[in-house]
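Engineer: Fold the following.
(chains A and B)
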Amino acid sequence: MFRRLPDLGGETVNFTIDGRPATARLGDTVAAALLASGMESCRTTPVSGAPRAPYCMMGVCFECLVTINGIGNRQGCLIPVAEGMAVETQKGARAIASEYSAKGDAA
Amino acid sequence: MKTIKDVASLSECYDLLIIGAGPAGMVAAATGAEQGLSTLLIDENPAPGGQIYRGITTTPVAAKETLGADYWRGTDLVHALTASDAVYAPETTVWSVGPAAEGTSDPGRMEVGVSVGGAARLIQARQVIAATGALERPFPIPGWTLPGVMTAGGAQIALKTSGLVPDGRVVVAGSGPLLYLLTAQLRAAGATISVMLDTTPLENWGRAIRHASDFLRSPYLGKGLKLLLGAERGMRIVRGVTAISANGDSQVKSVRFRHGSKEEELPCDVLLLHQGVVPNINLANAVGCALDWDEDQLTWVPQTDDWYETSVKGFAIAGDGAGIGGAESAALRGRIAALGAGHRLGRLSANDRDQRAAPVRAELMRASRGRRFLDVLYRPAKAFRIPKADDTIVCRCEEVTAGKLRETVALGVTGPNQMKSFLRCGMGPCQGRLCGLTVTELIADARGVPPTEVGGYRLRPPIKPITLGELAALPKTPAAIKAVER
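Structural biologist: Numbers count the residues shown, from 1 in each chain, chains lettered A, B, ... in the order given. Okay, the predicted model is just below:
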């Protein structure tokens, strides 16, 4: 969907997308890094499960929501990618963590 | 300029707090500091520039001609900010602004909720200037939620900040001077754009021509002609496009469009949409500022006085957030707003303030010349503001379609706020930023009344995401604790 212009220089940053190693350019936001990595979508919607990708890149649309270092629903377009960052795509609505639902069942 | 990267380093109270480091915010901050006011400039992005000068201190796109001279003009504003005594807080969000608790001597004192790197804090400001700028007008067409479809401005940000260009078969669609500018920048950077679909209603020319004389004497003329001539070279332009849809399952694969009586479908990997910009009024709305409907720009515009103070005392709005005028106008309005704040704080006499503002106002007159022609000419078509097809998504977050909205109007729902409880439209994470205008116009159209009678979403803080942990960790007043104690 996007390609990087040649000969930009700059430092490389290593991070992961759903556990797979990926690289970005220092200064990229997470959303830009995802676009550059060739990702087609960054999440599926909680309502219908439709795939979505970054849309506005300026913090308005909330389409680029991803999980970053374990914290969900972060705006990828506002957060600079950092060395070792773990980025996860979000699939549909978030389930309640199993430890809580297990307690609920027991009660 | 001092840069702050954690909430603990912020002071309890600033004389002047500015939200947004675009042209208006940067100039307002420098102007505030120049008067000796303790000035804080908060911005959610990692570097100053706003959207128009996005990445100006960091962009990897080195060739000056790619982004153009108008972009690089922003460098002067950054230098003025950097040389000032203002405090700058990047990657910082403002999630609430409201009147400070009773008992302060300042009538306009505000309490501002800020969050940096996962830690929140409430600070105070004696005056606030929101320089929240503009956002691209919603462009609800069938398929606009598909991956591969994004705003032209979004693609421009990817270029400015990361040196990324759209790849494959790229189609740009929409209307307005920025569409041509963004297209020119992307092409100069090396993107191949196969076709431009221009949706400017042909009948707009008849109305616009009445305002042409100012435009002909404005700097917009030369810039516009250059962009138009440049666009004609090596790219197909289809004018008078009256319908567009994006098609594909998990990714856009083709774009279908109508022009005249002809329908065409072209393969497409990236579709970039743009039909002008509108003020980003989310914060102003949540603060409770009175808003007017602007029938030329088809948007809500905050009511402001000559110094851009809103109906809420102590809260001013500078730049495109107070009505679209462009980058140059935004910078000038930032200066005027900060002079106004300086006077309200007792730092400048009325005479001193007026004298300093006079040359800025003269510049503003000049910079605004020709805008009306552009507003009228590029007023987007109804078909691209109020979707005809019932299955077109209006609220992207909650996936509410135009048809659902119309069905619900038929049940007797009269406005956007009542509509929320029926359909949840505007209640997803974007909080109506992307569907607010469409929902207002669609309800007005279905009811056959003007938008002012329908109103807009009533927004409430927090207007930016904040975790429960951050909220819980905030200090509570005894009164607030008592309010929830049993």
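
Engineer: Name the residues of the stretch 151-300 of chain B found near chain A, please.
Structural biologist: With C-beta under 8 Å from any C-beta of the partner chain as the criterion, the stretch 151-300 of chain B comes near chain A at residues B:151, B:153-155, B:157-158, B:161-168, B:189-190, B:250-251, B:269-270, B:280. Backbone N, C-alpha and C define where each C-beta goes, glycine included.

Engineer: In strands, which of those appear?
Structural biologist: Among those, the members found in strands (DSSP state E) are B:Thr151, B:Leu164, B:Val165, B:Pro166, B:Val270.

Engineer: what's the closest of those to B:Ile56?
Structural biologist: For B:Ile56, the nearest member of those is B:Leu164. The distance, counting by C-beta to C-beta, is 16.8 Å.

Engineer: Quick check: the farthest pair among the ones in strands among the residues of the stretch 151-300 of chain B next to chain A?
Structural biologist: B:Thr151 and B:Val165 (15.2 Å).

Engineer: Could you check which of the two is surrounded by more residues?
Structural biologist: The neighbour count for B:Thr151 versus B:Val165, taken as other C-beta atoms under 10 Å in any protein chain shown, is higher for B:Thr151 (29 against 24).

Engineer: surely the more buried one meets A:Ala53?
Structural biologist: No. Under the criterion of C-beta atoms under 8 Å, B:Thr151 is not in contact with A:Ala53, lying 11.9 Å apart.

Engineer: Would you map the strands across chain A?
Structural biologist: A:2-4, A:12-17, A:20-25, A:43-44, A:51-52, A:65-68, A:71-75, A:86-88, A:90-91.

Engineer: Highest mean neighbour count out of those?
Structural biologist: Using mean count of other C-beta atoms under 10 Å in any protein chain shown, the stretch among the strands of chain A with the largest mean neighbour count is strand A:65-68, at a mean of 22.

Engineer: State the mean pLDDT of that strand.
Structural biologist: Mean pLDDT, strand A:65-68: 96.

Engineer: now do stretch B:24-40
Structural biologist: Averaged over stretch B:24-40, pLDDT sits at 98.

Engineer: Equivalent analysis for stretch B:223-243, please.
Structural biologist: 90.

Engineer: buried residues in it?
Structural biologist: Buried residues in stretch B:223-243, counted by 16 or more other C-beta atoms under 10 Å in any protein chain shown: B:Lys223, B:Gly224, B:Leu227, B:Ala231, B:Val238, B:Val241, B:Ala243.

Engineer: Leaving out the residues flanking it, which one is nearest to the second one?
Structural biologist: Once flanking residues are discounted, B:Gly224 sits nearest to B:Pro177: 6.4 Å by C-beta to C-beta, 6 or more residues apart in numbering or on different chains.

Engineer: Surely that neighbour touches B:Leu227?
Structural biologist: Yes. Counting by C-beta under 8 Å, B:Pro177 touches B:Leu227, with 7.2 Å between them.

Engineer: circling back to that earlier point, which among the residues of the stretch 151-300 of chain B next to chain A end up buried?
Structural biologist: Counted by 16+ other C-beta under 10 Å, these give B:151, B:153-155, B:157-158, B:161-167, B:189, B:251, B:269-270, B:280 as buried.

Engineer: hmm, the longest strand seen in chain B touching chain A?
Structural biologist: Counting residues, the longest strand found in chain B (DSSP E) is strand B:119-130. No. Looking at strand B:119-130 against chain A by C-beta under 8 Å from any C-beta, there are no contacts, and the closest approach is 13.0 Å.

Engineer: list the helices and strands that strand packs on?
Structural biologist: Using 3 or more C-beta pairs under 8 Å, 6 or more residues apart in numbering or on different chains; DSSP states H and E, the elements in contact with strand B:119-130 are strand B:13-19, helix B:23-34, strand B:92-99, strand B:110-116, helix B:282-287, strand B:315-317, helix B:327-344, helix B:468-472.

Engineer: Now mean neighbour count too, for the ones you listed, in JSON lines please.
Structural biologist: Below are those laid out as JSON lines (neighbours: other C-beta atoms under 10 Å in any protein chain shown):
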{"stretch": "strand B:13-19", "mean neighbour count": "26"}
{"stretch": "helix B:23-34", "mean neighbour count": "31"}
{"stretch": "strand B:92-99", "mean neighbour count": "21"}
{"stretch": "strand B:110-116", "mean neighbour count": "22"}
{"stretch": "helix B:282-287", "mean neighbour count": "23"}
{"stretch": "strand B:315-317", "mean neighbour count": "30"}
{"stretch": "helix B:327-344", "mean neighbour count": "27"}
{"stretch": "helix B:468-472", "mean neighbour count": "11"}
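
Engineer: mean pLDDT lowest for which of these?
Structural biologist: Note on those: helix B:468-472 shows the lowest mean pLDDT, a mean of 90.

Engineer: Quick one: list the elements packing against it.
Structural biologist: strand B:119-130.

Engineer: and if we set it to 10 Å?
Structural biologist: strand B:110-116, strand B:119-130 (3 or more C-beta pairs under 10 Å, 6 or more residues apart in numbering or on different chains; DSSP states H and E).

Engineer: closest one to B:Pro90 among those?
Structural biologist: strand B:110-116 (8.9 Å).

Engineer: B:Arg356 contacts B:Leu348, correct?
Structural biologist: Yes. Between B:Arg356 and B:Leu348 there is a contact at 7.3 Å, judged by C-beta atoms under 10 Å.

Engineer: between those two, what contacts are shared?
Structural biologist: B:Gln35, B:Ala338, B:Leu339, B:Gly342 (C-beta atoms under 10 Å, 6 or more residues apart in numbering or on different chains).

Engineer: how close does B:Ala337 sit to B:Val128?
Structural biologist: 10 Å (C-beta to C-beta, to the nearest Å).

Engineer: Chain neighbours aside, what residue packs nearest to the one residue sitting closest to the centre of chain A?
Structural biologist: In chain A, the residue lying closest to the centroid (C-alpha atoms, centre = their mean) is A:Val66, at 3.5 Å. The spatial neighbour of A:Val66 that comes closest, neighbours along the chain excluded (C-beta to C-beta, 6+ apart), is A:Gly76 at 4.8 Å.

Engineer: cool, A:Glu88 as well?
Structural biologist: Here the residue nearest A:Glu88, using C-beta to C-beta, 6+ apart, is A:Thr67, at 4.0 Å.

Engineer: ok, now B:Phe422?
Structural biologist: B:Thr408 (5.0 Å).

Engineer: Look at that neighbour and tell me its secondary structure.
Structural biologist: helix (DSSP: H, G, I helix; E, B strand; the rest coil).

Engineer: looking at it, it is touching B:Val400, isn't it?
Structural biologist: Yes. Using C-beta under 10 Å, B:Thr408 makes contact with B:Val400 at a distance of 9.1 Å.

Engineer: Overlap in contacts, these two.
Structural biologist: B:Met419, B:Phe422, B:Leu423, B:Cys425.

Engineer: out of these, what pair is the most spread apart?
Structural biologist: B:Phe422 and B:Cys425 (8.3 Å).

Engineer: Spell out which residues are contacts of both of these two.
Structural biologist: Overlap of the contact sets of B:Phe422 and B:Cys425 (by C-beta under 10 Å, 6+ apart) consists of B:Val400, B:Lys404, B:Leu405, B:Thr408.

Engineer: Quickly list the domain ranges of chain B.
Structural biologist: Following automatic domain parsing, chain B resolves into domains at B:2-135+B:278-348, B:138-275, B:386-454.

Engineer: Compare those domains and give me the one nearest A:Asp28.
Structural biologist: domain B:138-275 (4.8 Å).

Engineer: Compute the first-to-last residue distance for that closest one.
Structural biologist: Criterion C-alpha to C-alpha, to the nearest Å; first-to-last residue distance in domain B:138-275 is 8 Å.

Engineer: And stretch B:130-150, by the same measure?
Structural biologist: 27 Å.

Engineer: Check the offset of that stretch from the chain's centre.
Structural biologist: Stretch B:130-150 sits 11 Å away from the centroid of its parent chain (C-alpha atoms, centre = their mean, to the nearest Å).

Engineer: still on that earlier bit, which of the shared contacts of B:Thr408 and B:Val400 count as buried?
Structural biologist: B:Met419, B:Leu423, B:Cys425.
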